[in-house]
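> Build the 3D model from these lines:
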Amino acid sequence: MKTLLICTDGSHYSQEACRYGVWLAQQAKVAIKVLYVTDLRQFQGPVFADISGSLGVQPYDGMIQQLQEVEEEKAKFIEEQALTIFKAEGLLDRVEFIHQTGLLSDVIEEQGDQADLIVLGKRGENANFAKRHLGSMLERVVRSANVPCLVTSRSFHPIEKVMIAYDGGESSQRALEFMIANPVFRGTSTHIVTVDEGQGDDVATQRLSQAEAIMDKAGFNPIYQLLVGEVGVVIADYVKTTQIDLLIAGAYGHSRIRELLIGSVTTELLRSCPVPVLCFR
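Residues are numbered from 1 along each chain as shown. Purely as a prediction, here's the structure:
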């Protein structure tokens, strides 16, 4: 892992995402890109089309210019806010702030290709008004990204206990490889969990044996757990009772673990788990 891309909108969740970026940068020498995207849609709304038709093009252009000026000031404030966090930890020399106008998911496709990990808060600037809702662009970002996405929680906590929701699929394999390849996780306590949803103990046990062989070869000694029940419920319960600091799982696969961000069960898991989730497609 050489480069982090941290998405920010100036919200509380964004500040916590930056603090997770600080923690990662302290564990490994990585470059940090902090990205703020001005939403292009605010300059293209139907209200402006109506105003333009009623008042003429000139007032419309003036309003757009004023909005752009406000956005430039907002971007400066967000930049200062983010850089202050990294400066306090002596990491300012590693940070590059990027401001673009467009759609976050589209910009992520471009910027994400130059990063090894994307970090973003699970909620955005409207979190206080919609406390049970995830960020409006979260699913699109994770879908469009070609690299893992760390979806951070409301409050930063150092990562000491890591849990991998393992189902033996391709994204689970990628999660194990990522963990093995990055020294960030060498000092953490690791739990590898698989869930028997009724397919039989042998299948689930074989999955755990597969993971054990991979981790043993890499010199890891995790705790292995076989859980029985509904995936979203038993994983959320395990995270809470074991005081896990980071949940790692696949996204957009065929099993219910790999389909982490699809469906009511997995959406509820993201909402209810008070810890960051590292998603692999």
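> can you pull out the helices in the protein?
With helices called from DSSP state H, the chain shows them at 12-27, 46-55, 57-88, 104-112, 138-144, 170-181, 201-217, 231-241, 263-272.
> hey, which of those helices is tucked in deepest?
Across the helices of the chain, averaging neighbours per residue (mean count of other CB atoms under 10 Å) puts helix 12-27 on top, at a mean of 21. All C-beta atoms are positioned from the backbone trio N, CA, C, and that covers glycine.
> The spatially closest residue to Ser14 that is not a sequence neighbour and Ile78, how far apart?
With sequence-adjacent residues excluded and distances taken as CB to CB, 6 or more residues apart in numbering, Ser14 is closest to Thr8, at 3.9 Å. Separation of Thr8 from Ile78 (CB to CB, to the nearest Å): 6 Å.
> can you check Gly229 too?
Taking CB to CB, one finds Gly229 at 42 Å from Ile78.
> Same question for Leu24.
Counting by CB to CB, the separation of Leu24 from Ile78 is 20 Å.
> Same question for Leu138.
Taking CB to CB, one finds Leu138 at 18 Å from Ile78.
> before we move on, what about Glu110?
Glu110 is 19 Å from Ile78, by CB to CB.
> How about Val228?
46 Å.
> ditto for Arg140
Arg140 is 21 Å from Ile78, by CB to CB.
> Kindly report the same for Ile98.
For Ile98, the distance to Ile78 - CB to CB - is 11 Å.
> who touches both of the two?
Common neighbours of Ile98 and Ile78, counting by CB atoms under 8 Å, 6 or more residues apart in numbering, are Tyr36.
> just to revisit the earlier point, any common contacting residues for Thr8 and Ile78?
Joint contacts of Thr8 and Ile78 (CB under 8 Å, 6+ apart) are Ser14, Tyr36.
> I figured Cys279 was touching Val142, is that so?
Yes: at 5.4 Å, Cys279 and Val142 qualify as touching, with contact defined as CB atoms under 8 Å.
> bridging residues for the most centrally placed residue in the chain?
In the chain, the C-alpha nearest the mean C-alpha coordinate belongs to Val151, at 2.3 Å (CA atoms, centre = their mean). When bridges are called by DSSP bridges, Val151 pairs up with Leu120, Val277.
> from what I can see it touches Arg123, true?
No: using CB under 8 Å, Val151 makes no contact with Arg123, being 9.7 Å away.
> tell me which helix or strand of this protein sits lowest on mean pLDDT?
helix 46-55 (a mean of 52; mean pLDDT, DSSP states H and E).
> ok, now which ones touch Met163?
When contacts are counted by CB under 8 Å, 6+ apart, Met163 touches Thr190, His191, Ile192, Val193, Ile235, Tyr238, Val239, Thr242, Ile244, Leu246, Leu247, Ile248.
> I'd like the distance between it and Gln243.
10 Å.
> swap in Phe156?
15 Å.
> what about the two, which has more around it?
Shown here are Phe156 and Gln243; by other CB atoms under 10 Å, Phe156 has more neighbours (17 against 10).
> And the pLDDT at the more buried one?
At Phe156, the predicted lDDT confidence score is 93.
> next one: Gly250
75.
> That one reaches Gln173, doesn't it?
No: using CB under 8 Å, Gly250 makes no contact with Gln173, being 9.1 Å away.
> I'd say Val184 and Gln27 touch.
Yes: using CB under 8 Å, Val184 makes contact with Gln27 at a distance of 4.2 Å.
> First-to-last residue distance for stretch 225-243?
15 Å (CA to CA, to the nearest Å).
> Over to stretch 147-165?
OK, stretch 147-165 end separation, CA to CA: 18 Å.
> same thing with stretch 181-197?
OK, stretch 181-197 end separation, CA to CA: 30 Å.
> Give me the domain ranges for the protein.
Per the record, the chain has its domains at 3-44+70-152, 161-280, by automatic domain parsing.
> Asp9: neighbour count?
Other residues within reach of Asp9, judged by other CB under 10 Å, total 23.
> Wait, it touches Tyr36, no?
Yes: assessed by CB under 8 Å, Asp9 is found in contact with Tyr36 at 6.7 Å.
> where do the contact lists of the two overlap?
Common neighbours of Asp9 and Tyr36 (CB under 8 Å, 6+ apart) are Ile78.
> So, low pLDDT: which residues of this structure?
Regions of the chain meeting the criterion pLDDT under 70 cover residues 40-63, 124-136, 199-201, 251-269.
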